[in-house]
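Asker: Would you be able to build a 3D model of this:
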Amino acid sequence: MYHLHVNNKKISSILWVGYPGEAGGAAIADVIFGSYNPSGRLPITWHLSSYIDQVPMTNMNMRPDASGYPGRTYRFYKGKTLFPFGYGLSYSNFDYHLVDAPKIVTINLTKGQICNQCKSVILPEETCKNLAFGIKLKIKNLGEMSSSHTVLLFSTPPRVHNSPQNQLLGFEKVFLYGGAESLVKFEVDVCKHLSVVDELGIRKVTLGEHFLQVGSLNLLLAVEILK
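Answerer: Numbers count the residues shown, from 1 in each chain. All right, here's what the predicted structure looks like:
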């Protein structure tokens, strides 16, 4: 039913409150009248009503297939949506500024491990322990109203093993007074966050270009074998 209201010029926003309880009315009023600055993010994708006709309830496969099945969740579904996973409105606008992030991650293979022109690699636990890096950025509240803000870090891996088109690596929440800024840090585990499951169910780190997105920032990260 929501799709009927999206293009209605008289409706500027939709407030999703779930099951708010007996104090829900007061909380909703605080948001509507500007006493509270909302900062929630959608934990699901809001689809067009036509999506229901494309996904039989007997098929819970995540990935799309040649039969026309479109796939499920933001990780695999490529069609149009009303509102994407992670979407949310606020009375403030926020500026993102990158402070520090690597451009290349190199992997040192163990003795006897061969990877000639391979697109992904299985890594032992000992190697994984040393494969982590940080991303630092500054978030600034451009508005006058204080607000919490949820910062989402996404990754688009190389197109191997029918990998997802997008996946959430992590999130942080900060509170910012009007005009204030804060440093946000993400710790990325290469073996955990930059890997996919292949056709045999084996988790592998994908080599090549990974595209990281956080807010308005787009970062290119190359994962390579040390030669």
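
Asker: helices or strands up against the lowest-mean-pLDDT helix or strand in the chain?
Answerer: Sorting the helices and strands of the chain by mean pLDDT, DSSP states H and E puts helix 125-129 at the bottom, at a mean of 89. Applying 3 or more Cβ pairs under 8 Å, 6 or more residues apart in numbering; DSSP states H and E, one finds that helix 125-129 makes contact with helix 190-193. Glycine gets a C-beta too; all of them are placed from N, C-alpha and C.

Asker: returning to what we had before: please point out which parts of the least confident helix or strand of the chain sit buried.
Answerer: For helix 125-129, burial by neighbour count (16 or more other Cβ atoms under 10 Å) applies to 127, 128.

Asker: Show me how far the helix or strand just after that helix is from its chain's centre.
Answerer: With elements assigned by DSSP states H and E, the helix or strand that comes after helix 125-129 is strand 132-141. In terms of Cα atoms, centre = their mean, to the nearest Å, the centre of strand 132-141 is set 15 Å apart from its chain centre.

Asker: measure stretch 85-102 end to end?
Answerer: Start-to-end span of stretch 85-102 (Cα to Cα, to the nearest Å) is 27 Å.

Asker: Send over stretch 9-21 as CSV, restricted to the C-alpha atoms.
Answerer: Listed next in CSV are the C-alpha coordinates belonging to stretch 9-21 (Å, rounded to 0.1, in the frame of the first residue of the first chain):
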residue,chain,number,x,y,z
LYS,A,9,3.1,15.6,-3.1
LYS,A,10,1.2,16.1,0.1
ILE,A,11,3.2,13.3,1.8
SER,A,12,6.8,14.3,2.5
SER,A,13,7.7,11.3,4.7
ILE,A,14,6.5,8.1,6.2
LEU,A,15,7.1,7.2,9.8
TRP,A,16,7.5,3.5,10.5
VAL,A,17,7.1,2.9,14.2
GLY,A,18,6.5,-0.9,14.5
TYR,A,19,4.8,-1.7,17.9
PRO,A,20,5.5,1.5,19.9
GLY,A,21,3.5,0.6,23.0
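
Asker: contacts for it?
Answerer: 2, 5, 24, 27, 28, 31, 32, 38, 40, 42, 89 (Cβ atoms under 8 Å, 6 or more residues apart in numbering).

Asker: What subset of the residues you listed is buried?
Answerer: Of the contacts of stretch 9-21, these count as buried by 16+ other Cβ under 10 Å: 31, 38, 40.
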